[in-house]
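Chemist: All I have is the shape, not the residue letters:
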């Protein structure tokens, strides 16, 4: 064999180390926690949460330097891209992961949960999400998806002696594998039509009507349906309530925000880079998923008596709002820009208000030992601060000003109303009706906490750990900032379709 060809075959691809610095820092901290666990065993347990939190915060430093530099970086022939969209979503993932660490600190330490391994898996899953934000290739998207999913399967079943946790882990694993299989089949069809795994190359092939139209259509439908499972969009949401209820509550919070957001990031990249030229295929599909998610999620949430299951169905409904702008994003490039920014803004606000609500759920459960909504009765009498915080997060989820949720929903309605498409107006009406339905059950929880008497008459205060106070404060600040000064804050989530490569 020619020595020159042999050298070329084994030549290492050029790597921009600054671009991959966030991943390297996160990987290094995960390896450090694993090594310390092996060497020091239980002696390192009191420090594992702090190390995990520091690792997540340290990872934001290279992200900030990349943002200050302002240069888009393309690696591996376009398979891995560091741009404004990627940087914004990486920060959202890291802050969400940090909040979950704060929520997990005492929760995990109080049980036999193999604490060191827990935080190692959490960092591994967050790393998959960070990689997902930069993935612009079918292979890198799938690898990042599995990296974030496999640790999550183990975290869901973390309470090893709890049958419900084991059941939840098994259901999540089986549904996740099924969704991955559906997604891979769709990806194989797209690869067969385009001859490349790069999303940009797929976009060119799909936009030029190359290959079989039926294969392209089926490939797009299968890929979108596969990610519909990942983001718990109706009718692919059936795993969510049981998994949310059976998993440890901090893990539930992690799945409801960070994992869901990672699925959305992949879906956005696929739609705007890979499928944008075939809006006639994915727009109707997204429209149906959005309308079904909002309606099914809210109607079933009305019947729930368990707070965690209610939050699961609330998450399904919120998924419908998040993907609603995509139903009209193919109308024009300008509309696509607005839809992308609206979805990214909604994801950031949703992360703050939903994690804040779960932080209150964890805190009150330490006193009541129950997640039943009836146990929240009279919470104002013994936990006024937590009641006020929970009310703010619930009303933000409902979209009540001046909390951040109103701006998230306003951006969705603005995109649907200005796209100039009849089906956009219809979806806006569906969203408006569902906003009213959602307010009913959110307000019912707040009324129970403020107006009813404590069932057992026990008015002893709730013990709130410093880590949970910090998590509540961070979530509250972000939720209020987006609601009070939306234009000042939203410029950080204002990303362009062109920046994404569309």
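Modeler: On my side now, so go ahead. Given the structure is predicted, the values throughout are model-derived calculations rather than measurements. Numbering: from 1, shown residues only.
Chemist: what's the neighbour count on the residue lying closest to residue 367 once chain neighbours are set aside?
Modeler: Nearest residue to residue 367, sequence neighbours excluded (C-beta to C-beta, 6 or more residues apart in numbering): residue 462, at 4.8 Å. C-beta coordinates here come from the backbone N, C-alpha and C atoms, glycine included. Per other C-beta atoms under 10 Å, the neighbour tally for residue 462 reads 16.
Chemist: Can you tell me how far residue 462 is from residue 137?
Modeler: 48 Å (C-beta to C-beta, to the nearest Å).
Chemist: about what we covered before: isn't there a helix covering the residue nearest to residue 367?
Modeler: No - the assignment for residue 462 (DSSP: H, G, I helix; E, B strand; the rest coil) gives coil, which keeps it out of a helix.
Chemist: quick one: the strands in the stretch 301-450 of the chain?
Modeler: Applying DSSP state E, counting those that start in this stretch to the stretch 301-450 of the chain gives no strands.
Chemist: The stretch 201-350 of the chain: helices as residue ranges?
Modeler: Along the stretch 201-350 of the chain, the stretches classed as helices by DSSP state H, counting those that start in this stretch are 213-230, 240-246, 249-254, 260-269, 279-301, 307-323, 333-368.
Chemist: closest to residue 44 out of those?
Modeler: Nearest to residue 44, of all the helices of the stretch 201-350 of the chain, is helix 249-254, at 19.8 Å by C-beta to C-beta.
Chemist: Packing partners of that closest one?
Modeler: Applying 3 or more C-beta pairs under 8 Å, 6 or more residues apart in numbering; DSSP states H and E, one finds that helix 249-254 makes contact with helix 84-109, helix 138-156, helix 240-246, helix 307-323, helix 333-368.
Chemist: quick one, the fourth one and helix 279-301 angle?
Modeler: This points to helix 307-323. Orientation check (axes from the mean of the first three to the mean of the last three C-alpha atoms, to 10 degrees): helix 307-323 against helix 279-301 gives 160 degrees.
Chemist: Same check on the longest one?
Modeler: Between the axes of helix 333-368 and helix 279-301, defined by the same axes, to 10 degrees, the angle is 20 degrees.
Chemist: for helix 333-368, which positions count as buried?
Modeler: Buried residues in helix 333-368, defined by neighbour count with 16 or more other C-beta atoms under 10 Å: 335-365, 367-368.
Chemist: Distance to residue 188 added to the helices and strands packed on helix 249-254, as CSV?
Modeler: As requested, those are exported to CSV (distance: least, C-beta to C-beta, whole Å):
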stretch, distance to residue 188
helix 84-109, 26
helix 138-156, 9
helix 240-246, 27
helix 307-323, 24
helix 333-368, 27
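Chemist: what would those look like in a markdown table with distance to residue 228 and mean pLDDT?
Modeler: Converted to a markdown table, the helices and strands packed on helix 249-254 look like this (distance: least, C-beta to C-beta, whole Å; pLDDT from 0 to 100):
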| stretch | distance to residue 228 | mean pLDDT |
| --- | --- | --- |
| helix 84-109 | 19 | 86 |
| helix 138-156 | 14 | 91 |
| helix 240-246 | 12 | 89 |
| helix 307-323 | 9 | 93 |
| helix 333-368 | 15 | 89 |
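Chemist: Flag every buried residue along stretch 281-299.
Modeler: 281-283, 285-287, 289-298.
Chemist: Between the residues you listed, which sits nearest residue 142?
Modeler: Closest to residue 142, out of all of these and judged by C-beta to C-beta, is residue 282, at 18.8 Å.
Chemist: before we move on, back to that, confirm for me that the residue nearest to residue 367 is in contact with residue 381.
Modeler: No - Residue 462 lies out of contact with residue 381 (C-beta atoms under 8 Å); the separation is 11.0 Å.
Chemist: quick one, what contacts residue 52?
Modeler: Residue 52 makes contact with 29, 33, 101, 119, 122-123 under the criterion C-beta atoms under 8 Å, 6 or more residues apart in numbering.
Chemist: nope, residue 231 is what I was after
Modeler: If you count contacts by C-beta under 8 Å, 6+ apart, then residue 231 has 260, 263-264, 267, 319, 322-323 around it.
Chemist: same deal with residue 411?
Modeler: Residue 411 makes contacts with 325, 338, 341-342, 345-346, 490, as judged by C-beta under 8 Å, 6+ apart.
Chemist: Kindly recompute the last result at 10 Å.
Modeler: Neighbouring residues of residue 411 by C-beta atoms under 10 Å, 6 or more residues apart in numbering: 321, 325, 338-339, 341-346, 349, 486, 490, 493.
Chemist: Done for today, thanks.
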